Structure formats: structure tokens, C-alpha cells
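Asks: sequence and computational prediction follow.
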Amino acid sequence: MADSSSNTPNIGGSGSTGILSGSGGSNVTNPSSPDYECPAYREQHARWQRVEDVREGTDAMRRNRALYLPRFESEDAKDWDARVNMTFANTDYEQTLTDHVGLVFAEPPKLEDDVPEEMASLLEDVDGEGSHWHVFANAALESGLHLGHVAIWTDFPAIQPNYRPRLDEQQQANLRPYWTLVQAHEIISWRSERIGGVEALTQFVRRSHVTIDDGLYGTKPVCQYLVVSQAVTRDADGFAIGLGAIVWQLWREHVDATGVRSVVQVAADSIVGPKRIPLRVCYCGPKFGMLHTRPFLYGLATTAIEETQVRSDYAAVMHKTNIPVPVIKGLPPGATLDMSNGIGLPENGSAEYLEPKGTAIPATRQRLADIGLAIQQQGGVAASGDLAHARTMTATQAAQIARQRNARLSRAARALQDTLEGALADMAAFLKLPSGGSVLVNRDFAGSPVDPAFVTVCLQAYKEGAITRDEMRYALQHGELPEDADPETTAAILDAVDAAKADAEAQAEANRRAAAVDDATTGDPATDGSAATKEAA
């Protein structure tokens, strides 16, 4: 265990107040200030905010109406308000994110036998706040998929210099390494060096929000910045060849009596134990560089926004076509009109309804169906378990999409496993143990799903005695026949599967065309292009 005060103070959990919870100061573009936001951070900001708003749903869409539901050129403020208030956001993103995490944690992660016993006991409360490491890992994967990456910071409470506490003193003071989950948007700047062909993190700044005492009884939120950096040794040509001491600084925002804001340093020291900065990054989305990614489900998020916008337009159009506008001819100037009690018209007067044709409604319905199919193709899962507005995919399409999703999710699960093992190594370094051991994260879901058409043909072949019970069991388990199966039987089954898929796709296309004809020939006066006016009197 480290025997100095050289480790970082307990700065608590993330304490974040939101994706766009920046300091609000004026130095975010000053590279000499701790609150500087690097270009890669700022570039990711818009994507983080977008997926965060899609996840929040209707309230975020309405709150940020100018961005997601902009006012039409000829739309007055009253109509805009009405349209926004009739808008309800697509919720497929949140459900899909939950389902993806559920696939990985359908089987809980496991500690391997090489994890030291003293560390295994610490993992029962891995963050010092009562969270089991399974719960912590679940939250890490969810955050990593949502924002693109997430990090685990291994910390150790500060103790007095040159003092080695007894075991009972360690337990009483809770002197032990612990993990903190660091969200992607909390790390606002960073540096790295390539050493021996491996890119190593040499500095990062984490922005978080904590609550401090205010006066005798009050509290107030404060924005603070943890700066962690590691010295780099270089050769005569200036190339990095090794890593040195690790130091940290803690800065906090301060507003003086005149309202002038500044960032002041409140603490600093070094980190003893780990040989590298104890921050392990889990990359779940496409990676562009160190701490630079795109959210795992970003494509689904943008499609969900499109679906929300089109459905908003659809609701507004339906509202207008369902409420005809009365047109009265012959009323004297200043006369009042009460349609609920009837009206009296002078000689040669008339009353009609001005009724929009609604010719755009079938096209909008088709567009919603197309968007629904795109959501399915991106792995989207509706909260109801069914996308009623979408086309029905064939078994072949569904299987292909599942394979693509599982392959991507498998990489994210493996990244989580590597990150957890790295955090275990950092914990072991603080405890001066030779190794932190290893873990196993479930990736069984990543196997190729069994094609329903293949299963149907195999069942028929089994009933006809063409394949054995063991061959049928193998087909259900692996999605293919065993290698020693009769080649002619295997070829016949595969030919039958291809024929079944072709028939299914032809039937799906025929159903789509029939639905389009039904939309075009329906007798609904709001959609059939009937006359614009109907005489009422």
C-alpha cells in the first residue's frame, strides 16, 4: 500500500449536472487554463447532447423546439406552440439501449480464480458507496454505449506522509482503493504520447460538480477540475521513451465579492503505486482517437429524431384536415356566428366547409413506414416490443441485422472486460500486489442466430427421416448441420431454405404493393383527394 499522502483526495462520484453543464466561464478556449475544452471534446459535444435529448424524450424535444421542431416559415407562434405540444418523441432509443445492456448482462460477469482474495472482498463495495462490482460494470457499459466511451478512475484516500497505518487503522479509516465512474463528457482535455508503439495517456482534466459548505448551515454547488499528469522521459532526439512520476492538482471555481470568476488551485500532490495514470477507458462506439468516439447508437438516435419530426408534422396535418373551416356568405357586417346553435342566412346567402384534401397524408404514412424499417435495420427495439408503423422484415433480414448488432456489441463487451481488468491492475498496484487478476464478461449472445427458415426446413427433414435426432439438435444449437452430415441431404436442405426465403420476400413485396394500393384507393374523405368544399346549407 502507498505510504504517503501522495494519492488524490476523495472527490466523490461524477456529480455531473448534465451534458451541457460546463463551467459557464470565459476560459474554456484558453489552453493555459484548467477549464480549457480541447477541440475533440467540443466536436463530440453536439453528438452527446443529441443522444441525451433523444434518451430523455418528449420533454427534451419540446424544450429544445428550435433545434428539433423548428418553426415553419409561414407558421405563427400560436400554431407552432400547438404543433410542439402535440409532439411526442420516439422512445425506441431508450428501450434499445436497455436491451443491449441486458444482452451482455443476461449472464453476470465473473471473477477468475487469479483475482487476489483481498481484492475480491473489496469488489463487494467497489466504489466505497455500497455498489457491487456487477452493478458498477452494468452502469459503465450503459454509459459507454450511450456516449461512445466511459472511464474507470481508480483512487486511493490520502494519508499522512511517511506513515504506514496498521490493518485495523486502515479498516477504521476506510483506507482502500476504490473505483469512480467517469462519464465521457466529464473529461474536457487530455494529452497522450506514443511510447514503444503504444499510445499512453499522459494527462487529463476531469470537470465535476461537488457540494461544499456555505456559511454555518448552507451548502452550494461548486465546479472543480482534477488535473492528472505523468512525466515523460525523452531521448536526445525528443522522442518519448518512458513514463515517470504521476502528479495531480485540484482546481475550483471562485467568484469574488465583485462577481469576478476565476479558477484557483486548492490542492496538489503525487500518486504513488501505479506505474501509469490509473484511468482505464472503455471504448464502446467507433473510435477516432484517444477519448474521441461516436455514440454506439448514434445512427438510431438521429433516425428517432427524424421519426419524431415526421410524426409531429403528421399530427399537425391530421388535426387541420379533421377540422373543416366554415365559409359563410351573405352575413351582414358585424354579425356574430354561432355554429353550435345554427345560423340564419339572408336571401341568396350560403354556408360551406372549406376542407383540405389531405393529399400528403398517404405519402407521410409511407415515409413513417420507411423510417420504421430503418429503425429496425439499426437494431431499434420499440418499447411495446413491436414497431406497428414499420414494415415487417423477412426472417433473412432479421437474422442479418441480429448478426451485425451482436458483432458490434461483442466488441463493446470485450472492451468492458479489458477495462475492468485494467482497473483491477490499478487497484492491485495501490495495494502492492503483483496482479489484479482477470474477469469474464458474457459474449455468448454474439453467436450467429439460428435462421428461422433453416429451422423450419430441418424440422421437416427430421420428420421425413432425412436427418437424425442428433443432427437436428446440432442444427438448433449451431444454426447449421454438422460437418459429417450427408452432403446431398445438406445441399437439399440449403436449396429448400433459399427457395423459402425467396417465397417470403416475394410475398412481403406483394403485401407492400397491396398496402400502397389500399392507401391510394381508400374512401376516407381526408385522404382520397375528394372535393375541397362540401355544401352545408
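Replies: That came through fine. Numbers count the residues shown, from 1 in each chain.
Asks: quick check: closest non-adjacent residue to residue 421.
Replies: Leaving aside its sequence neighbours, residue 421 sits nearest to residue 438 (Cβ to Cβ, 6 or more residues apart in numbering; 5.3 Å). For the C-beta atoms, the positions are set from N, CA and C on the backbone; glycine is no exception.
Asks: check the gap between that neighbour and residue 119 for me.
Replies: 12 Å (Cβ to Cβ, to the nearest Å).
Asks: which phi and psi does the residue nearest to residue 421 have?
Replies: Note on residue 438: backbone dihedrals following degrees, to the nearest 10 are phi -140, psi 160.
Asks: I figured residue 47 hits residue 298, correct?
Replies: Yes: contact criterion Cβ atoms under 8 Å: residue 47 and residue 298 qualify, at 6.1 Å.
Asks: out of the two, which sits in the busier spot?
Replies: Neighbours were counted for residue 47 and for residue 298 using other Cβ atoms under 10 Å; residue 298 has more, 22 against 19.
Asks: please enumerate the strands of the stretch 251-400 of the chain.
Replies: 261-271, 279-283, 287-289, 292-293, 325-329, 350-354 (DSSP state E, counting those that start in this stretch).
Asks: and the most centrally placed residue in the chain, what's its pLDDT?
Replies: Centroid-nearest residue in the chain: residue 146, 2.2 Å away (criterion: Cα atoms, centre = their mean). At residue 146, the model reports a pLDDT of 98.
Asks: ok but it is inside a strand, no?
Replies: No: under DSSP: H, G, I helix; E, B strand; the rest coil, residue 146 falls outside any strand and is assigned helix.
Asks: ok, now which ones touch it?
Replies: Applying Cβ atoms under 8 Å, 6 or more residues apart in numbering, we find residue 146 in contact with 51, 52, 55, 97, 295, 296, 297.
Asks: with residue 126 instead?
Replies: By Cβ under 8 Å, 6+ apart, the residues touching residue 126 are 132, 133, 136, 178, 179.
Asks: in which helix or strand does residue 83 reside?
Replies: Residue 83 belongs to helix 77-85 when assigned by DSSP states H and E.
Asks: could you check how far residue 476 is from residue 504?
Replies: Relative to residue 504, residue 476 is positioned 20 Å away (Cβ to Cβ).
Asks: how about residue 456?
Replies: Using Cβ to Cβ, we find residue 456 at a distance of 10 Å from residue 504.
Asks: over to residue 201?
Replies: Separation of residue 201 from residue 504 (Cβ to Cβ): 51 Å.
Asks: so for the two, which sits in the more crowded spot?
Replies: Neighbours of residue 201 and residue 504, each counted by other Cβ under 10 Å, are more numerous for residue 201; the result is 22 against 16.
Asks: how is the chain carved up into domains?
Replies: With domains defined by automatic domain parsing, the chain comprises 1-10+35-56+90-320+357-448, 450-537.
Asks: and these, which one is worst for confidence?
Replies: Going by mean pLDDT, the lowest-scoring of the domains of the chain is domain 450-537, which has a mean of 71.
Asks: could you pull out the helices for the stretch 351-500 of the chain?
Replies: 361-377, 395-431, 452-463, 469-478, 487-521 (DSSP state H, counting those that start in this stretch).
Asks: let me have the ones you listed in TSV, extended by distance to residue 124.
Replies: Shown next, in TSV, are the helices of the stretch 351-500 of the chain (distance: least, Cβ to Cβ, whole Å):
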stretch	distance to residue 124
helix 361-377	40
helix 395-431	13
helix 452-463	43
helix 469-478	36
helix 487-521	50
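Asks: deepest of these, which one?
Replies: Across the helices of the stretch 351-500 of the chain, the average number of neighbours (mean count of other Cβ atoms under 10 Å) peaks for helix 395-431, which reaches a mean of 20.
Asks: centre of the chain to that one, how far?
Replies: 15 Å (Cα atoms, centre = their mean, to the nearest Å).
Asks: SS state for residue 229?
Replies: Under three-state DSSP, the three-state class of residue 229 is strand.
Asks: my read: it touches residue 203, true?
Replies: Yes: judged on Cβ under 8 Å, residue 229 makes contact with residue 203 at a distance of 4.0 Å.
Asks: which residues do the two both contact?
Replies: The contact sets of residue 229 and residue 203 overlap at residue 191 (Cβ under 8 Å, 6+ apart).
Asks: identify the farthest-apart pair in the contacts of residue 146.
Replies: 52 and 296 (13.7 Å; Cβ to Cβ).
Asks: tell me which of these two has more neighbours.
Replies: residue 296 (28 against 18).
Asks: quick one: that one and residue 150 touch, right?
Replies: No: in this structure, residue 296 is not within contact of residue 150 by Cβ under 8 Å, at 11.0 Å.
Asks: residues shared between the contacts of these two?
Replies: Joint contacts of residue 296 and residue 150 (Cβ under 8 Å, 6+ apart) are 144, 284.
Asks: could you pull out the strands in the stretch 101-250 of the chain for me?
Replies: Using DSSP E, counting those that start in this stretch, strands in the stretch 101-250 of the chain cover 110-111, 149-155, 178-183, 187-195, 198-214, 218-234, 240-255.
Asks: how about CSV for the ones you listed, with distance to residue 427 added?
Replies: Shown next, in CSV, are those (distance: least, Cβ to Cβ, whole Å):
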stretch, distance to residue 427
strand 110-111, 12
strand 149-155, 6
strand 178-183, 8
strand 187-195, 20
strand 198-214, 18
strand 218-234, 17
strand 240-255, 15
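Asks: which of those strands has the highest mean neighbour count?
Replies: strand 149-155 (a mean of 26).
Asks: strand partners of that strand, parallel vs antiparallel please.
Replies: Strand pairing for strand 149-155, determined by DSSP bridges: strand 178-183 (antiparallel), strand 279-283 (antiparallel).
Asks: using a markdown table, lay out those strands together with distance to residue 128.
Replies: Below are these laid out as a markdown table (distance: least, Cβ to Cβ, whole Å):
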| stretch | distance to residue 128 |
| --- | --- |
| strand 178-183 | 4 |
| strand 279-283 | 17 |
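Asks: and of these, who's closest to residue 468?
Replies: strand 279-283 (45.1 Å).
Asks: ok, and what's touching that closest one?
Replies: So strand 279-283 is in contact with 140-141, 144, 148-154, 182, 201, 204, 228, 290-291, 293, 415-416, 418-419, 422-423, 426, going by Cβ under 8 Å, 6+ apart.
Asks: run the chain-centre distance for it.
Replies: Put simply, strand 279-283 sits 17 Å off its chain's centre (Cα atoms, centre = their mean).
Asks: next, the angle from it to strand 198-214.
Replies: 110 degrees (axes from the mean of the first three to the mean of the last three Cα atoms, to 10 degrees).
Asks: in strand 279-283, which residues are buried?
Replies: 279, 280, 281, 282, 283 (16 or more other Cβ atoms under 10 Å).
Asks: equivalent analysis for stretch 294-309, please.
Replies: For stretch 294-309, burial by neighbour count (16+ other Cβ under 10 Å) applies to 294-305, 307-309.
Asks: and of the strands paired with strand 149-155, who's closest to residue 443?
Replies: Residue 443 lies closest to strand 279-283 among the strands paired with strand 149-155, at 14.6 Å (Cβ to Cβ).
Asks: just the angle between that closest one and helix 395-431, please?
Replies: Using the same axes, to 10 degrees: strand 279-283 against helix 395-431 is 180 degrees.
Asks: strand 279-283 relative to strand 218-234, how many degrees between them?
Replies: 90 degrees.
Asks: going forward, begin numbering at 52 instead of 1
Replies: Sure, I'll start counting at 52 from here, so that last one is strand 330-334.
Asks: quick check: angle from strand 330-334 to strand 238-246?
Replies: 100 degrees.
Asks: flag every buried residue along whichever strand or helix holds residue 96.
Replies: Using DSSP H and E, residue 96 maps to helix 90-107. Neighbour-count burial for helix 90-107 flags 92, 95, 98, 99, 100, 101, 102, 103, 104, 105, 106 (criterion: 16+ other Cβ under 10 Å).
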